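1. sequence and predicted structure are below.
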Amino acid sequence: MAEAIAPVIAFNEVPDQLRIPGVWIEFDARLAGQSVFAAKACIIGQRLSTGTVAAGQPVRVSANGAATDALFGRGSMLAEMVKAAKTARPWLEIWAIGLDDNPAGVAAKKKLAITGPATEAGTLNVYIGFYRVQIAVAAADTADTVAARLAAAINLLTTCPMTAAVNGTNANEVDLTCRWKGETGNDIDVRVNYYSSDKTPAGLSLTITSPVSGSGNPDITPAIDAMGDDWYSWLACAYTDGANMAKFEAELGSRFGPMRAIGGRLFTAVAGTHAAIGTFGNAHNSPHITCMGAGKSPTPPWIWAAAYMAEAGHSLGIDPARQLRGRVLQVAAPAKSDRWDNTQRNELLYDGIATSTVDADGTVRIEAEISMYQTNAGGLGDDAWLFINRPETLERIRLEQRHYFTQRYPDWKLADDDYDVPPGQPIMQPKKAVAELIFLYRTVFMPRGWCQDLEGYKQTLLAAVHPTNRDRLDVYDSPKLINNMRLLAAHTEFR
C-alpha cells in the first residue's frame, strides 16, 4: 500500500525556520474581501483669478455654494458647473480641475440696445445664461434710464457669467462681457422673457446682438496631466473645440485600455441649431464621449454637461447596465418653438448626439444616452458601442474580475491542467480559473443584471498557460451583456 503524502500548508507570514514554542496564527483576508467601487467624478472648466485653488490642481469638492465660489472664483464657469452637479446629486464624489484663460483668447461680448420710453410701469426680465435679472420700470422711464438700471442690476448678480457696462457712446446700450475668454462665451444665451408670465413693459423694446465672438479655449492638457492615473469614472467638460476633443478622445481610449484599466466617460453638451449639432456629432466617433444636444436652451451647455454627468454618474454607479431614460436634467428647456420633434431627435441619434425630452411642465429628461461612436475601423456603421451602458458594464465586470483574482490569488503558482495539485498548495490552473470565472458570472454578474446566458458563457470560456511565457495565464472571455428595453413595436390586427 502506498504511503500517504501529508499535505504541505502554504503560509504567508509564519516562518518555516521557527523553534520558539507557542501558537502562531496568521490571518488571511483573501476569502473575505468584497470589491468596492469607489467611483469619482471630475469636472474640468475655467477658474477665475479670485479662486483659491491654483489651475491644474485636482481638488475634491464636498461643500456647495459659497465654499465652491471661494475655490474657483465666484461667477466662474467651474464654480457654476460644480454647483450644478452638487445640486443634482450631492452624494456623488466630485473632484474639479480649474484652468486659466488662454492668453491668446478673446472674451465674448454681447450688446443689449434698449428703445423707449416706457409707457407703463412693470418689471423687465432679462436672462443671461438663464440667470434672471429683474428691474423695476416706471412709466415714462427713458431708454437711457432703463439701461443704467439694468447694467447695475446685472453687476449685482455676481454669479452671472457676464458683466455689464453702459456703452460709452450710446447710453441706451448695455455692453455685456463674458467673465472668461474662449469660445464657450458665445454659447451664453441672452434673452428677454422666458416664462409665460414674463412681460416687457409697454413702450420698451430690446435688441440683442453679439459684436465680439469669443475665441481661444484653454488647452485641456494640464487637466489631463493633473488626472494622472487616478481613476475618474465620469467627467464633465465644457470645451468641444476640435483640438480639445481630440485630446480627450485619445486620453479616454488610453484609460479604457487593458494596461491602465481606469476607463471613464466624458459628458459634454453642445448648443445651437439642429443642423449645426448634427454636423458636430458626425465629426466625432468616440465610444467614451457622450454629447447631449442642448439646442436653444437658455441654460449654457457647460451646465448641461455638469448636470448630465451628475445624473448619469449617480445612476450608473448604482447599475451600469440600466438605461438612463427618464432621469431628470436640472436645466431649462428650450422654448416650445425650439424643441425638436421625434424625427429630428431620431436624426441626432444617428449623428452621435444624445437626446432629451421635455415634459408638459418644462422638466427636461434624458431620452437616449448614446456615445459619439458611429463607425468601425473600416469606416462602416457600427453599433457595438452605441450606448454608454456597454463600456460602463464592461468596466465593472473587469473591476470585479481583477479584484477577485488579485484578492484571492495574488501570489499563487501556475501549473498545467494535468498536474495533480497537492492539497494546501497555492497553485492556479487553467481549469480552476475557468471555474472561478464561471462562479463570478453566476453569483455576481447575473444576479446584478449585467450578464445573461450562463450556459453559453460556459461553452465559450477558455483558459490556457501561454505557450512561451509559462508564468502567464491567458483567458478568452465572452460575456453576453444584458440589454435594455428601449423600444416596443407591435403589429395589431384588430377583429
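-> Yep, it's here.

2. the closest residue to residue 256 other than its chain neighbours: neighbour count?
-> Among residues not flanking residue 256 along the chain, residue 263 sits closest, at 3.5 Å (CB to CB, 6 or more residues apart in numbering). In short, each C-beta sits where N, CA and C put it, glycine included. By the criterion of other CB atoms under 10 Å, residue 263 has 22 neighbours.

3. ditto for residue 280
-> Neighbour tally, residue 280, other CB under 10 Å: 20.

4. list the contacts of it.
-> Applying CB atoms under 8 Å, 6 or more residues apart in numbering, we find residue 280 in contact with 240, 270, 272, 291, 353.

5. how near is the third one to residue 314?
-> Meaning residue 272. 28 Å (CB to CB, to the nearest Å).

6. hmm, back to that, quick one: which of the contacts of residue 280 is nearest residue 473?
-> Minimum distance to residue 473 across the contacts of residue 280 is 39.4 Å, recorded for residue 291 (CB to CB).

7. of the contacts of residue 280, closest to residue 6?
-> residue 291 (64.6 Å).

8. surely residue 9 meets residue 424?
-> Yes: the criterion here is CB atoms under 8 Å, and residue 9 meets it with residue 424 at 4.4 Å.

9. just the strands from the stretch 51-200 of the chain, written as ranges.
-> 59-61, 94-99, 109-115, 122-128, 131-137, 162-166, 173-178, 190-192 (DSSP state E, counting those that start in this stretch).

10. quick one: closest of these to residue 480.
-> That would be strand 94-99 among the strands of the stretch 51-200 of the chain, by CB to CB, at 33.9 Å.

11. and the helix ranked longest in the chain, how far out from the chain middle?
-> Ranked by residue count under DSSP state H, the longest helix found in the chain is helix 389-408. Mean C-alpha position of helix 389-408 versus that of the full chain (CA atoms, centre = their mean, to the nearest Å) differs by 20 Å.

12. got the contact list for it?
-> With CB under 8 Å, 6+ apart as the criterion, helix 389-408 contacts 29-31, 33, 35, 37, 233, 256, 261, 263, 265, 287-288, 316, 320-323, 369, 371, 384-385, 433, 436-437, 440, 444-445, 450-451, 477, 479, 481-482, 484.

13. and for stretch 120-128?
-> With CB under 8 Å, 6+ apart, stretch 120-128 has contacts from 112, 132-139, 146, 150, 154, 160-162, 176, 188-195, 198-204, 206, 298.

14. just the buried positions in it, please.
-> 122, 124, 125, 126, 127, 128 (16 or more other CB atoms under 10 Å).

15. how about residue 43, secondary structure?
-> On the three-state scheme (DSSP: H, G, I helix; E, B strand; the rest coil), residue 43 is labelled strand.

16. what's around it, how many residues?
-> Neighbour tally, residue 43, other CB under 10 Å: 31.

17. swap in residue 24?
-> Neighbours of residue 24 (other CB under 10 Å): 11.

18. OK, contacts around the residue nearest to residue 413 when sequence neighbours are not counted?
-> Excluding the flanking residues, the one nearest residue 413 by CB to CB, 6+ apart is residue 427, at 4.7 Å. Counting by CB under 8 Å, 6+ apart, residue 427 makes contact with 412, 413, 414, 415, 419, 421.

19. for residue 427, give its distance to residue 473.
-> Taking CB to CB, one finds residue 427 at 12 Å from residue 473.

20. again, but for residue 36
-> In terms of CB to CB, residue 36 sits 25 Å off from residue 473.

21. these two: who's more crowded?
-> residue 473 (19 against 8).

22. wouldn't that one be in contact with residue 465 here?
-> Yes: when contacts are counted by CB under 8 Å, residue 473 is listed as touching residue 465 (6.1 Å).

23. what do those two both touch?
-> 414, 430.

24. count of neighbours near residue 94?
-> Count around residue 94 with other CB under 10 Å applied: 28.

25. just checking, it touches residue 43?
-> Yes: the pair residue 94 / residue 43 is scored as a contact, 6.4 Å apart, by CB under 8 Å.

26. overlap in contacts, these two.
-> 82, 85.

27. quick one: low-confidence parts of the stretch 251-400 of the chain?
-> Counting by pLDDT under 70, the stretch 251-400 of the chain shows no low-confidence range.

28. what are the ranges of the strands in it?
-> Under DSSP E, counting those that start in this stretch, the stretch 251-400 of the chain gives strands at 265-271, 289-295, 328-329, 355-358, 364-368.

29. which one of those lies closest to residue 81?
-> When the strands of the stretch 251-400 of the chain are compared by CB to CB, strand 265-271 sits nearest residue 81, at 10.9 Å.

30. paired strands for the closest one, with orientation please.
-> strand 234-237 (parallel), strand 289-295 (parallel) (DSSP bridges).

31. okay if I get those strands as TSV plus distance to residue 334 and mean neighbour count?
-> Converted to TSV, those look like this (distance: least, CB to CB, whole Å; neighbours: other CB atoms under 10 Å):
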stretch	distance to residue 334	mean neighbour count
strand 234-237	21	28
strand 289-295	5	28
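
32. closest one to residue 62 among those?
-> Short answer: strand 234-237, nearest of the strands paired with strand 265-271 by CB to CB, at 17.3 Å.

33. what's the neighbour count on residue 285?
-> 18.

34. isn't it up against residue 352?
-> Yes: counting by CB under 8 Å, residue 352 is a contact partner of residue 285 at 7.2 Å.

35. which residues are in contact with each of those two?
-> By CB under 8 Å, 6+ apart, the residues touching both residue 285 and residue 352 are 372, 373, 374.

36. and the last one, how close does it get to residue 82?
-> Plainly put, residue 374 is 31 Å away from residue 82 if you go by CB to CB.

37. mind checking which of the two has more residues around it?
-> For the pair residue 374 and residue 82, the greater number of neighbours falls to residue 82 (29 against 22), based on other CB under 10 Å.

38. which residues sit in contact with that one?
-> 43, 61, 64, 68, 71, 72, 94, 96, 306.

39. out of these, which is most surrounded?
-> residue 306 (35 neighbours).

40. isn't it right up against residue 234?
-> No: Residue 306 is not in contact with residue 234 according to CB under 8 Å; the separation is 10.6 Å.

41. can you give me the helices for this protein?
-> 66-72, 77-88, 143-156, 221-227, 242-256, 274-282, 301-318, 342-349, 389-408, 430-440, 454-460.

42. between the longest one and helix 430-440, how many degrees?
-> Interaxial angle, helix 389-408 versus helix 430-440 (axes from the mean of the first three to the mean of the last three CA atoms, to 10 degrees): 120 degrees.

43. quick revisit: mind putting the shared contacts of residue 285 and residue 352 into a markdown table with distance to residue 181?
-> Formatted as a markdown table, the shared contacts of residue 285 and residue 352 follow (distance: CB to CB, whole Å):
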| residue | distance to residue 181 |
| --- | --- |
| 372 | 26 |
| 373 | 32 |
| 374 | 32 |
